[in-house]
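J.: Fold the following and give me the result.
(one chain, ligands or ions: 1)
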Amino acid sequence: MLALTTKTRDRVFAIAPFLNTCIRRLLPICRCIAAGAVLMAVVAGARPAHAEDGYDLWLRYRPLSGESAQAYRASTTRLIAPATSPTQIAARHELLHALTGLLGNAPPTADAVDGDGALVVGTAASSPLIARLKLDTAKIGREGYLIRSVVIDGHAATVIAANDDIGTLYGAFHFLRLLQTNQPLQHLDLRESPRLKLRLLDHWDDLDGHIERGYAGASIWDWHKLPDWLDPRYTDYARANASIGINGSVLNNVRANALSLTPLYLEKAAALAGVFRAYGIRVYLSARFSAPIEIGGLKTADPLDPQVRRWWRGKADEIYKAIPDFGGFLVKANSEGQPGPKDYDRTHAEGANMLADALAPHGGIVIWRAFVYANEKPDDRAKQAYDEFVPLDGKFHDNVLVQIKNGAIDFQPREPFHPLFGAMPKTPQVLEFQITKEYLGFATHLAYLGPLYEETLAADTFARGKGSTVAKVVDGSLYGDKHSKDALTKSRLTGMAGVANIGTDRNWSGSQFDQANWYVFGRLAWNPSASSRAIAEDWVRMTFSNDAAFVTPVVDMMMRSREAVVDYMTPLGLHHLMAHDHHYGPAPWDASGKRADWTPVYYHRADRNGIGFDRSATGSNAVAQYMPPLAQEFGDVKRVPEQYLLWFHHVSWDHRMSSGRSLWDEMVYRYTRGVEQVKQMRATWHGLDGKIDADRYAQVAAFLAIQEKEAQWWRDASIAYFQSINGLPLPAGFAPPAHPLDYYEALSFPYAPGHG
Ligand code: GCW
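T.: This next block holds a predicted model:
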């Protein structure tokens, strides 16, 4: 009861008769309004019970409209699904929850088929009905599933069958996707299994809640309240990941804090593992190489020192006692100031193997990052990882994978694929993408990363002749199974990792559209050959609407969005021109970093005569790290794809482009085109007003306005700077920058989010 002060109470009593009369008079009107509201809710059907704020991601399960709902109800008249293991319970719960939302009612659960339309879920071991069907599940392996229309005892039914419980959960999510994206449920014959074994999210989350390169609020891991308080958000995180097949989560930043490995934090990590387990997600930790010193009291972290080795073995035993299905360690060593084996004159392989040996008895793995920016200044930063890691091929133990960023510099809007892919045939290689948009406009720029991921995966390394795509390197099919056995299964380890864009924002990712980047990452990790357009379409349908008048323009807009960012930030192979440290906004003039090779001027090398980084044979010769056909193509200024021109070559400002324009004119043209694209995105979005809920519509509209402003800023600042170097006029018809160069140079953003 609300506590009232005496004074207030007296006042309320004094006006009570008046209130009474008002209420009596208003009552019929209220009833009328209430009845109207109920009627409207029924008529609207699709009205959400609560405002759409993006929390539900692509698992919104809002009511489907008349006709298709009717058909779906006929195919889900009852649910026959076991519920004895936590994963079975999760699958059954998801189906009931989703079908209730989508179709208005949960189907009854049953044990036997006694009419048409049963949905039968399970494995041969968990479901006698599935066992009776004798489905050919051998080929789908672990985690795979079948979704098939069948006849059971004369009745039409749909089965979701797998070899293990997690396969049934993945199958359940796929089945729901069919409804969510308005697909028919007749004559189903779907067979799915993941091409990659490890499908991981890397969280760069610190123990204090800050996220390095995070633009969606603070870390969702509430370390302080763990293990006692299990935020329901952890379960929703696990559901969302399971729905796209993600099966591992590295909880802490690769710039690791050794405290993550202390009993206090292991207990907390174990609690998270306890939530994730039912959803097939294993917990991994980033390990700080110097932990034996920092928390172990040793004098050294030398990987060949017996005491150090013993310490890690003991640590591994301790971890597995707390988390029996612990995945393993992710390690950033000897890069950007992090400790590592090279501090003791040992190789990356010696460091990785020492940890791998400690984990091996428990079936754990080590994922060793190849992003090595050592303290010595290299002649070309792009060459460093290849130079250090290729000689180590064959030297890593079987439970080590090397994790390689998609490109050799650092998650730029566009990079050629990393030359390490395909260059270490004896070593399983994990492909690392960034989902969080450190270099693509943080949370406010709409940039769908599906095409970027697809571009890398489809790139041909020529490692074993034509057709040796990065996808085939990463899924191991290029090498067969002969090089390595792994600790988790009996064949080669394979994997893909994405640096997460998840935080405490209600919409998880900082913007509605950034959810699509989490989504497409998961779907491509499951199937690296999938089409990013088809995935975008699924996402739009599930996240917003099945209305074709909405879906088509939005998917088109998403598919063009990343290229727009390339245009207004770094066209034609330019890279790393973002402001120092926080990477927010342009700073091509910046030469102030601690090290030359961390500054924009190092990367663009513009002078009066020309621009670009010469990585051909006349320059750093980084092209030689690619297989011969590519080395020749990239190394030849006449043959290099124009999108990589300034990545590989230093050319004159009047270099003739395929468009017939000079390089300088082409740059101005592309910067301007990027801004125009954003204007078009805004116009497209504006035309969709009213087709989705007002809240999400408004946030996207506001963010697009920010994007346009910042795209213009990028264009103008870049043009102003490069013009100050080359002294050339702008081509006819192109507007000059809004401000003089010194205006842009003076802008400062000390509190831009996501600092390293
Ligand atoms: O892109 C750079 C980031 C750093 C990050 C590093 C890495 C975790 O700017 O913030 O550090 O890459 O991948 O290790």
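J.: Quick one: residues contacting the residue of the chain found nearest the ligand.
T.: Closest contact between the chain and the ligand, by C-beta to the nearest ligand atom, is at residue 756 (3.7 Å). Any C-beta I mention is one placed from the backbone N, CA and C, and that applies to glycine too. Contact analysis of residue 756 by C-beta atoms under 8 Å, 6 or more residues apart in numbering lists 212-213, 255, 336, 581.
J.: Same list (those residues) but as a markdown table, adding secondary structure.
T.: Putting those into a markdown table (DSSP: H, G, I helix; E, B strand; the rest coil) gives the following:
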| residue | secondary structure |
| --- | --- |
| 212 | coil |
| 213 | coil |
| 255 | coil |
| 336 | coil |
| 581 | coil |
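J.: Which of the residues you listed has the largest number of neighbours?
T.: When neighbours are taken as other C-beta atoms under 10 Å, the top entry among the contacts of residue 756 is residue 213 (22 neighbours).
J.: you'd agree that residue is up against residue 499?
T.: Yes. Between residue 213 and residue 499 there is a contact at 7.0 Å, judged by C-beta atoms under 8 Å.
J.: Tell me how far the residue of the chain closest to the ligand lies from residue 207.
T.: 16 Å (C-beta to C-beta, to the nearest Å).
J.: Residue 438 now?
T.: 21 Å.
J.: repeat for residue 158
T.: 46 Å.
J.: Check residue 98 too.
T.: Counting by C-beta to C-beta, the gap from residue 98 to residue 207 is 35 Å.
J.: what does residue 309 give?
T.: 26 Å.
J.: do the same with residue 541
T.: Taking C-beta to C-beta as the measure, residue 541 falls 39 Å from residue 207.
J.: likewise residue 292?
T.: 19 Å.
J.: Tell me which of the two has more neighbours.
T.: The neighbour count for residue 292 versus residue 207, taken as other C-beta under 10 Å, is higher for residue 292 (25 against 18).
J.: got any ranges where the chain has weak pLDDT?
T.: 1-50, 374-378, 480-490 (pLDDT under 70).
J.: can you list the residues of it near the ligand?
T.: Proximity of the chain to the ligand, by C-beta under 6 Å from any ligand atom, involves residues 204, 212-213, 254-255, 332, 371, 410-411, 438, 756.
J.: which residue ranges form the strands in the stretch 51-200 of the chain?
T.: Using DSSP state E, counting those that start in this stretch, the strands found in the stretch 51-200 of the chain span residues 78-80, 118-123, 145-152, 155-162, 189-192, 198-202.
J.: Residue 180: which of those strands is closest?
T.: Residue 180 lies closest to strand 145-152 among these, at 14.2 Å (C-beta to C-beta).
J.: So which bits of the closest one are buried?
T.: Neighbour-count burial for strand 145-152, counted by 16 or more other C-beta atoms under 10 Å, picks out 145-148, 150, 152.
J.: So what are the sheet partners of that strand and their directions?
T.: Here strand 145-152 is paired, per DSSP bridges, with strand 155-162 (antiparallel), strand 189-192 (antiparallel).
J.: if I pick residue 407, what's in contact with it?
T.: Shown in contact with residue 407 (C-beta under 8 Å, 6+ apart): 415-418, 456.
J.: what would those residues look like in JSON lines with distance to residue 465?
T.: Formatted as JSON lines, the contacts of residue 407 follow (distance: C-beta to C-beta, whole Å):
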{"residue": "415", "distance to residue 465": "24"}
{"residue": "416", "distance to residue 465": "19"}
{"residue": "417", "distance to residue 465": "17"}
{"residue": "418", "distance to residue 465": "19"}
{"residue": "456", "distance to residue 465": "19"}
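J.: Quick check on the residues you listed: which are buried?
T.: Here, 16+ other C-beta under 10 Å leaves 415-418, 456 buried among those.
J.: Return the set of buried residues in stretch 411-429.
T.: For stretch 411-429, burial by neighbour count (16+ other C-beta under 10 Å) applies to 411-424, 427-429.
J.: typo on my end, stretch 213-230
T.: Buried, per 16+ other C-beta under 10 Å, within stretch 213-230: 213-223, 226-227.
J.: Just the CA atoms from that stretch would do, formatted as CSV, please.
T.: What follows is stretch 213-230, C-alpha atoms only, in CSV (Å, rounded to 0.1, in the frame of the first residue of the first chain):
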residue,chain,number,x,y,z
ARG,A,213,35.6,-1.5,-29.0
GLY,A,214,32.1,-1.9,-27.6
TYR,A,215,29.4,0.5,-28.8
ALA,A,216,26.4,-1.1,-27.2
GLY,A,217,26.8,-0.2,-23.6
ALA,A,218,28.6,-2.1,-20.9
SER,A,219,29.4,-5.8,-20.7
ILE,A,220,26.4,-8.0,-20.1
TRP,A,221,28.4,-10.1,-17.7
ASP,A,222,27.6,-8.8,-14.3
TRP,A,223,30.7,-10.1,-12.7
HIS,A,224,30.1,-8.5,-9.4
LYS,A,225,26.7,-10.3,-8.9
LEU,A,226,27.8,-13.6,-10.4
PRO,A,227,27.6,-16.4,-9.5
ASP,A,228,24.6,-15.7,-7.2
TRP,A,229,22.5,-13.6,-9.6
LEU,A,230,21.9,-15.1,-13.0
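J.: Pull the number of nearby residues for residue 350.
T.: Residue 350 sits with 18 neighbouring residues when counted by other C-beta under 10 Å.
J.: what about it, which SS state?
T.: Under three-state DSSP, residue 350 falls in the helix class.
J.: rewinding a little: highest mean neighbour count out of the strands paired with strand 145-152?
T.: Of all these, strand 155-162 has the most neighbours on average by mean count of other C-beta atoms under 10 Å, namely a mean of 23.
J.: Flag every buried residue along stretch 739-756.
T.: For stretch 739-756, the neighbour count (16+ other C-beta under 10 Å) marks 741, 744-745, 753-754 as buried.
J.: Please produce TSV containing the residues you listed, extended by secondary structure and distance to residue 390.
T.: Listed next are the buried residues of stretch 739-756 as TSV, based on DSSP: H, G, I helix; E, B strand; the rest coil; distance: C-beta to C-beta, whole Å:
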residue	secondary structure	distance to residue 390
741	helix	42
744	helix	41
745	helix	40
753	coil	37
754	coil	32
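J.: Pick the one among those closest to residue 393.
T.: Distances from residue 393 to the buried residues of stretch 739-756, taken by C-beta to C-beta, are shortest for residue 754, at 34.2 Å.
J.: I'd say that closest one and residue 216 touch.
T.: No. Counting by C-beta under 8 Å, residue 754 sits too far from residue 216 to count as a contact (9.7 Å).
J.: shared neighbours of those two, anything?
T.: Here residue 754 and residue 216 have residue 436 as joint contacts, going by C-beta under 8 Å, 6+ apart.
J.: Please confirm that residue 260 is located within a strand.
T.: No. Counting by three-state DSSP, residue 260 is not found in a strand; it is helix.
J.: Please report how far it lies from residue 321.
T.: For residue 260, the distance to residue 321 (C-beta to C-beta) stands at 16 Å.
J.: would residue 330 count as being in a strand?
T.: Yes. Assessed by three-state DSSP, residue 330 belongs to a strand.
J.: who does the strand or helix carrying residue 358 touch, helix- and strand-wise?
T.: Assigned by DSSP states H and E, residue 358 falls within helix 348-359. Using 3 or more C-beta pairs under 8 Å, 6 or more residues apart in numbering; DSSP states H and E, the elements in contact with helix 348-359 are helix 306-322, strand 328-331, strand 365-369, strand 400-405.
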